[in-house]
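Visitor: okay, sequence plus prediction incoming.
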Amino acid sequence: MRRIIAIVLAVFLIGGVAAAVVAGREDQDSSTATKTVQGVIGSEKAEFFADPDVVEALAAEGYTVETETSGSWAMEGLDLKGYDFAFPSSQAPAGELASKYHVRQPLPRPFYSPLVVVAHRSAAEVLAANGLATLEGKGGGKGNGTLGMKAYLKAAEADRTWQQLKGSEKHGELSGTLFISTTDPTSSNSGALYLAAASYVADGGRVADGAAAVDRTAPLMRKLISVQGSQQTSTDAAFRDFVSGVGNPLVLVYESQVAALLAGGRGVDDLVVLYPDTTANSDHTVVPLTAEGRALGELLGTDKELRRLAVRHGFRPQGAAAEFTAATDAHTTYLNQTLTGVRQVPVPASEVLHEMARRARD
Amino acid sequence: MRDPRTPAPRWSVAKRPHPSPPRWSAGTHPSPPPWSVGRRSAGRWGSPRASEAERGGGRARTTHPAAAAIALVLATAGCTSAVEGPSPSNNKPEPGTLRILASSELVDMTPVLDQVHKDTGIKVKPTYIGTLDAVDVLAKGGAKGAYDAVWLSSNDYLRLDPAAAKQVVSQTPVMSSPLAIGVKPATVRKLGWKPEDVTWADIGKAVRGGGLTYGMTDPSRSNSGFSTLVSVASGLSDAQSALTDADVKEATPRLTEFFKGQKLTSGSSGWLAQAYDRRGDVDALLNYESVLESRKDLTVIRPRDGVVTADYPLSSLTNTGREVREDVRRLAEALRTPAIQRLITERTLRRPVVPSVPPAAGLDTTRRRELPFPGSRSVADGLLDSYENKLRRPSRTVYVLDTSGSMGEDGRLGRLKKALTDLTGDFREREEVTLMPFGSAVKSVRTHVVRPEDPRSGLDGIRRDTRALTAEGDTAIYTSLQKAYEELGADGDTFTSVVLMTDGENTEGASPAEFDGFYGRLSAAERRIPVFPILFGDSDRGELEHIAELTGGRLFDARKGSLDGAFKEIRGYQ
């Protein structure tokens, strides 16, 4: 009970970016009658909904959207009465919410983003030289590549250090245990999805379905988390540290964060984006709680302008890949537009994933 | 949900019984975090009070009823200077102004913040506080309504405390500075070092061989000190990833040797630098690169095998309104513009965090591995506990205590007794404490040692002698100080100092000039013993300032704060 109260409070306090939304409404919408819909969204979509262009595009379709942010996992503990939709950042919590509120399937999934590992060139090249990654990127830039999850997990299991990898001696910063920095899997979606993908690979291509499966991979999952020491609690903070040049050479983030950075005309020195060959998608899934919520969810996936704007924020709209491809054509050095060679794994049920995360942090 | 009180975690590092979990786990967190044990080290994590009670007061915890009673007896003073520092009640919100709880070292950002104010209209009203104390304020909910944002050297500590971590919504790194070692160029040459190649192992070796001595700040009080401790422990252990209890244990012999090279300790980076200059015979300082670079006389080395970096995240708080958080976001954005980033790196010698701005001239741009910060409180606490009680040199202190007749007024003697009794919770194992009460002359000299095998008897002795103090006689400050120097003698194996508490002017015995002469005749080693005078009651500021200056100590003012606050603060210097 205490936890639920805390979460409810957190949502109210964390608030969102509704200010911008509300302000936008007053500007452009004196004549048409609009529907105001309220939703709880994952924080990584806050900038999207705050974007004045998004506000305008929604208003043009007769919507005013008011949002509050919440961690995707925390939404399960919320009383969503009075809201029109919830918009967590992955399918698992969305599925739980849908069954809790008896929401009709299928759920609108307007856009998604795969998890990627950002690295500096030196680290990426050492991984490539040791068979852990392959580097590509059009125009000879080699700014993206594929990370072999099986090889990576094997190295992690054996406590491989950077020093043991050939080529690392040229780079003083590459020492100590080889690991990918993630967010805390017990509180943050990306950290949990990392475990989903890693456990799938470690368990021979099986999605964890219960206690026995969690047991099988628990020692390795625990290792992947405990070597990291103190972890960030949000992917946003982890990515900012990386961009700032502070921290571990390998950091797990959403592709959308990288794409949004590039779209904003900013870059990172010697950035390499590694797509794990087996990864989990952050499937931004709308859980409609009212008819208006469902209509909005559908609109986000079908409206041309809104899809274009989602791309600007780094997301991949569901369905045809053309929009993302066209919009990111300038950045093919870093982005694997077609996700060639990247396999998406299903995410375990919420409960199982929670337990996996808890055991890993133990 | 599990009952937070039931589990007896197998990962417990506690050597002492824990009748119940630390109180922050009962109600602030959905389930007991794995590291909810072992907060037993030097007043750093959470309430200094609680840990003092644990350490001194019969090793009990405040959550246990009996322990709470002990703690109450020990700690009737209420809050300490550490926690009360910024007073939320006078920190009323002002429109257009962001009230920010900030690490003390950010005071050098004033010109940068002035520029931001000019550029954006956002005004910042900082309240400076130690990073660790700030975490304490947050954990206790003290930031609510009093601050609009928090800006610390690092949020690493904060993340280990769930109650504090919950208060933070978003964090944006503003600049960075790695922990480094600044070495005299002559020493670098003597050691034959190429600065870019030096590793922690090399540093350890040089210290072991007697070729390198250094000063650092106290990890229990200062952020740079704790970063130093984590760096050194990671660097000298075989840990390839985040430190564990086993790593610390394994590295203990090497760490003990390493800390034999520590010649200076300090509660603040500022005094550390002064003490370093005064002594002249210490080879190096461990601190943030920005602090070391600003001295210009040291070769600054970032060890090749890794550093701990402060990234100064500007953090917004859960208990604030949307508009406030929007202002905090705008401030963060303004601080990260290229022009401001250039100003920051040029003014403060910290590193910029946007790729388009190069670090100030002289800051080496080769990359360093980031040493992982401990991921659990038990490791962090265990490391601190080891440092304070086992690894560092023990301290020897003479407390020269005015118990002249005037101390009988206004309950002064009572306050002194309470402050001293309180302080017994803070003494470290192996520490030697001498009480030297004086009036017209020194009344008694009683020395107690906190022996690791039986810490209680030493602490009981201090409490017993404290209770027996009476106010009587005139005030012979200088004669008593001379006696304290005679008592301590020269001693290279401990951190030796004198604390002088007086509520009046010198009325008896040696004169100030005579003391100056006495001090001048001491051996060089004895002259390194600083006196830390405490202003109290009607004491003469000029007189005490002179003593501090002469002996290389520092004056503490108990008239503004409290007497126990002053005693506590001095702990960082002992």
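Guide: Yep, it's here. No experiment lies behind these values; they were computed from the predicted model shown.

Visitor: check which helices and strands the longest helix seen in chain B sits against.
Guide: In chain B, with assignment by DSSP state H, the single longest helix is helix B:245-260. With contacts taken as 3 or more C-beta pairs under 8 Å, 6 or more residues apart in numbering or on different chains; DSSP states H and E, helix B:245-260 sits against helix B:200-208, helix B:223-236, helix B:377-386. For the C-beta atoms, the positions are set from N, CA and C on the backbone; glycine is no exception.

Visitor: pop the domain breakdown of the chain in here.
Guide: Because you didn't say which chain, this covers chain A. Per automatic domain parsing, the structural domains of chain A span A:2-112+A:283-328, A:113-281+A:339-361.

Visitor: let me rephrase: I mean chain B.
Guide: B:83-176+B:311-348, B:177-308+B:372-387, B:393-571.

Visitor: just give me how far the longest one sits from the chain centre.
Guide: Using C-alpha atoms, centre = their mean, to the nearest Å, we find the averaged C-alpha position of domain B:393-571 to lie 20 Å away from the chain's own average C-alpha position.

Visitor: with the second one instead?
Guide: Its chain's C-alpha centre and that of domain B:177-308+B:372-387 lie 15 Å apart, by C-alpha atoms, centre = their mean.

Visitor: measure that domain end to end?
Guide: Separation of the first and last residues of domain B:177-308+B:372-387 by C-alpha to C-alpha, to the nearest Å is 24 Å.

Visitor: just the C-alphas of the longest helix of chain B, formatted as CSV.
Guide: C-alpha atoms of helix B:245-260 as CSV (Å, rounded to 0.1, in the frame of the first residue of the first chain):
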residue,chain,number,x,y,z
ASP,B,245,34.0,-6.4,0.5
ALA,B,246,36.3,-9.2,-0.5
ASP,B,247,38.4,-6.8,-2.6
VAL,B,248,38.8,-4.4,0.2
LYS,B,249,39.8,-7.2,2.6
GLU,B,250,42.3,-8.6,0.1
ALA,B,251,43.8,-5.2,-0.4
THR,B,252,44.0,-4.2,3.3
PRO,B,253,47.8,-4.9,3.7
ARG,B,254,48.6,-2.7,0.6
LEU,B,255,46.2,0.0,1.7
THR,B,256,47.6,0.1,5.2
GLU,B,257,51.1,0.7,3.7
PHE,B,258,49.7,3.2,1.3
PHE,B,259,48.0,5.3,4.1
LYS,B,260,51.3,5.3,6.1
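
Visitor: give me the buried positions along that helix.
Guide: If you call a residue buried by 16 or more other C-beta atoms under 10 Å in any protein chain shown, then helix B:245-260 has these buried ones: B:245, B:247-248, B:251-252, B:254-255, B:258-260.

Visitor: dump the domains of chain B to JSON lines, plus mean pLDDT.
Guide: Converted to JSON lines, the domains of chain B look like this (pLDDT from 0 to 100):
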{"stretch": "domain B:83-176+B:311-348", "mean pLDDT": "87"}
{"stretch": "domain B:177-308+B:372-387", "mean pLDDT": "93"}
{"stretch": "domain B:393-571", "mean pLDDT": "95"}
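
Visitor: need the pLDDT of residue A:13.
Guide: pLDDT, residue A:13: 40.

Visitor: all helices of the stretch 151-300 of chain B, in order?
Guide: Along the stretch 151-300 of chain B, counting by DSSP state H, counting those that start in this stretch, helices occupy B:156-160, B:162-165, B:185-191, B:200-208, B:223-236, B:245-260, B:269-279, B:289-293.

Visitor: any bit of the second one sitting next to chain A?
Guide: Yes. Residues of helix B:162-165 contacting chain A under C-beta under 8 Å from any C-beta of the partner chain: residue B:165.

Visitor: which strands and helices lie in contact with that helix?
Guide: Packing partners of helix B:162-165 (3+ C-beta pairs under 8 Å, 6+ apart): helix B:131-139, helix B:156-160.

Visitor: over to the last one?
Guide: Packing partners of helix B:289-293 (3+ C-beta pairs under 8 Å, 6+ apart): strand B:177-183, strand B:299-301.

Visitor: looking at those strands, spot the one closest to chain A.
Guide: Set against chain A and scored by C-beta to the nearest C-beta, these come closest in strand B:177-183, at 8.8 Å.

Visitor: returning to that earlier point: tell me which of the domains of chain A lies nearest to chain B.
Guide: Ranking the domains of chain A by proximity to chain B (C-beta to the nearest C-beta) places domain A:113-281+A:339-361 first, at 2.9 Å.

Visitor: and the closest one, end to end?
Guide: Domain A:113-281+A:339-361: ends 25 Å apart by C-alpha to C-alpha.

Visitor: spit out the contact partners of the residue of the stretch 151-300 of chain B found nearest chain A.
Guide: Proximity of the stretch 151-300 of chain B to chain A (C-beta to the nearest C-beta) peaks at residue B:242, 2.9 Å away. Neighbouring residues of residue B:242 by C-beta atoms under 8 Å, 6 or more residues apart in numbering or on different chains: A:226-230, B:372-375, B:379.

Visitor: which member of those is positioned nearest residue A:218?
Guide: Using C-beta to C-beta, residue A:226 comes nearest to residue A:218 of those, at 11.7 Å.

Visitor: so who does that closest one touch?
Guide: Per C-beta under 8 Å, 6+ apart, neighbours of residue A:226: A:360, B:241-242, B:375.

Visitor: residue A:91 now?
Guide: A:109, A:283, A:285, A:347.

Visitor: tell me the pLDDT at it?
Guide: 84.

Visitor: distance of residue B:449 from chain A?
Guide: 37 Å (C-beta to the nearest C-beta, to the nearest Å).

Visitor: tally of neighbours for that residue?
Guide: Using other C-beta atoms under 10 Å in any protein chain shown, residue B:449 has 19 neighbouring residues.
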